Every structure is written in C-alpha cells, then in structure tokens.
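Enquirer: no sequence on hand, only this structure:
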C-alpha cells in the first residue's frame, strides 16, 4: 500500500476528501488526515463515530453491495483513534481477500494489519517512543491494543484527558483501592501479564483486574 492513494482527484472527489478531512480533524493526528480520508474513499467505507462502548474501541461490518461500515468510539485520543482505524481497515482488506474464510484476528488479519500500518510508519506520524512500542506490538498484533499494557501506557502519555488518572498498574503491591466503576475495596497483590491479581480485604476472594483500570487509592 502506497502513502499516495490517488494520482489526481476530480473536483467532486476533492470536495468529498475536504469534507472527510473536516470531520476527521477532531479525531486524528493532523499528518494522518489526508491518507485516512483517501483510504475511506478508495474502499468506499462508511465511517461511524460512536459513543463509548465497553469492551471495544471499534468494529467492522462488511457489505458486499454497499460500502462496508467501520465504527470507532468518539472518546479515543488521536493516536488511539488512528490505530483503531487501521485495525478496522485491516478487517476490511482481509475480508476483500478471504471473505469469511479466516479467523477474526487470525494470521490473515495480522498480515493485513501490518500492511495497512506500514504507510503510517513511513509518514513518521507517531512520536518516537510510541512508534517503538507500536512496532513491537505489530510483530504479533493482539485482538485489541487494550491487551497490550505497555502500548496502553505509552498511549496514555499522549491522551490529555487521562494524564491525571490513576491506574492499577501505578499502585504498589499491598495498596488498598477501589475501581472508579466499582465501589468494592480491594488490595493489590502482584502483577500477572495484562492483569494484576487482587483480593478482597477479608482475603476470601481473589480477582484478576486489568492493569490499566482506573482506580482510587486509599
């Protein structure tokens, strides 16, 4: 995939691109706007900006007749939004090549995700530290960036809305806390991989809690 999609644009195409860029300006890094707009045009995608949905950043719905649909949560940071867009675009290009004959996040999708990500790396869109951790993530992409704690931690640095938010990963073992969306007090025990082992204060129950969950410490 080249970083240049169209050699020339008709007046109508340019107007369409300008409209897409105008909408996307609120959500994407500035230097990714042109390429994303042209990719949407090339693949005739319908992009829907959605309210926050628990458990997913975006999704893809193929359509053999009309344009296929990509949806992305509205409250993502610009770099999270871009990664999610590329993730969902890879679902589309995988569908074009293999139809339904592949696993949703299997080998075919991982290969397409790498292909779709390449031009954005070439454009030097990502800051150095984010590009480095994202390159490592892309060696074997996971079903979601939420499954890669190290990537999430770097992404948080570039999210103004989350800079002052405390996460479970930042607490020391033994700290008593509660999740912002669950008032049950718990104690942090030790880190696993993506998750951290925690327990109820009476020690009777243990829980695996995502490292990046928002918490309040006591």
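Expert: That came through fine. Keep in mind that what you see is a predicted model, and the values were worked out from it rather than measured.
Enquirer: what residues sit buried inside the worst-scoring helix or strand of the chain on mean pLDDT?
Expert: Least confident helix or strand of the chain, by mean pLDDT, DSSP states H and E, is helix 149-157 with a mean of 89. For helix 149-157, burial by neighbour count (16 or more other Cβ atoms under 10 Å) applies to 149, 151-152, 154-156. Just so you know, the C-beta spots here come from the backbone N, C-alpha and C atoms, and that holds for glycine as well.
Enquirer: packing partners for it?
Expert: When contacts are defined as 3 or more Cβ pairs under 8 Å, 6 or more residues apart in numbering; DSSP states H and E, helix 149-157 sits against helix 78-98, helix 128-137.
Enquirer: wait, which of the buried residues of helix 149-157 is closest to residue 80?
Expert: residue 155 (5.7 Å; Cβ to Cβ).
Enquirer: show me the contacts for the residue nearest the centre of the chain.
Expert: Among the residues of the chain, the one closest to the centroid is residue 84, at 3.6 Å (Cα atoms, centre = their mean). Neighbouring residues of residue 84 by Cβ atoms under 8 Å, 6 or more residues apart in numbering: 57-58, 72-73, 76, 145.
Enquirer: over to residue 210?
Expert: Going by Cβ under 8 Å, 6+ apart, residue 210 touches 146, 168, 194-196.
Enquirer: switch to 7 Å and redo it
Expert: 194-195 (Cβ atoms under 7 Å, 6 or more residues apart in numbering).
Enquirer: ditto for residue 185
Expert: Contacts of residue 185 (Cβ under 7 Å, 6+ apart): 176, 178, 201.
Enquirer: now the second one, what's its secondary structure?
Expert: If I follow you right, that is residue 178. Using DSSP: H, G, I helix; E, B strand; the rest coil, the structure places residue 178 in strand.
Enquirer: what about it, distance to residue 158?
Expert: From residue 178 over to residue 158 the distance is 27 Å, taken as Cβ to Cβ, to the nearest Å.
Enquirer: residue 115 now?
Expert: 24 Å.
Enquirer: OK, contacts around the residue nearest to residue 199 when sequence neighbours are not counted?
Expert: Computed as Cβ to Cβ, 6 or more residues apart in numbering, the closest residue to residue 199 that is not its neighbour in sequence is residue 206, at 4.8 Å. Contact analysis of residue 206 by Cβ under 7 Å, 6+ apart lists 197-199.
Enquirer: try residue 174
Expert: Listed by Cβ under 7 Å, 6+ apart, the contact set of residue 174 reads 187-188.
Enquirer: ok so it is a helix residue?
Expert: No - counting by three-state DSSP, one finds residue 174 to be coil, located in no helix.
Enquirer: angles on the backbone of it, please.
Expert: Backbone torsions for residue 174, taken as degrees, to the nearest 10, come to phi 100, psi -10.
Enquirer: distance of it from residue 197?
Expert: 12 Å.
Enquirer: what do you get for residue 55?
Expert: For residue 55, the distance to residue 197 - Cβ to Cβ - is 21 Å.
Enquirer: can you pull out the residues in contact with the least confident helix or strand of the chain?
Expert: Contacting residues not belonging to helix 149-157 are listed as 77, 79-80, 129-130, 133-134, 137, 145-146, 162, 169, 194, 211-212 [Cβ under 7 Å, 6+ apart].
Enquirer: what's the ChimeraX line that selects buried ones from those residues?
Expert: Selecting only the buried entries of the contacts of helix 149-157 in ChimeraX, with 16+ other Cβ under 10 Å as the criterion:
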select :77,79,80,130,133,134,137,145,146,162,169,194,211,212
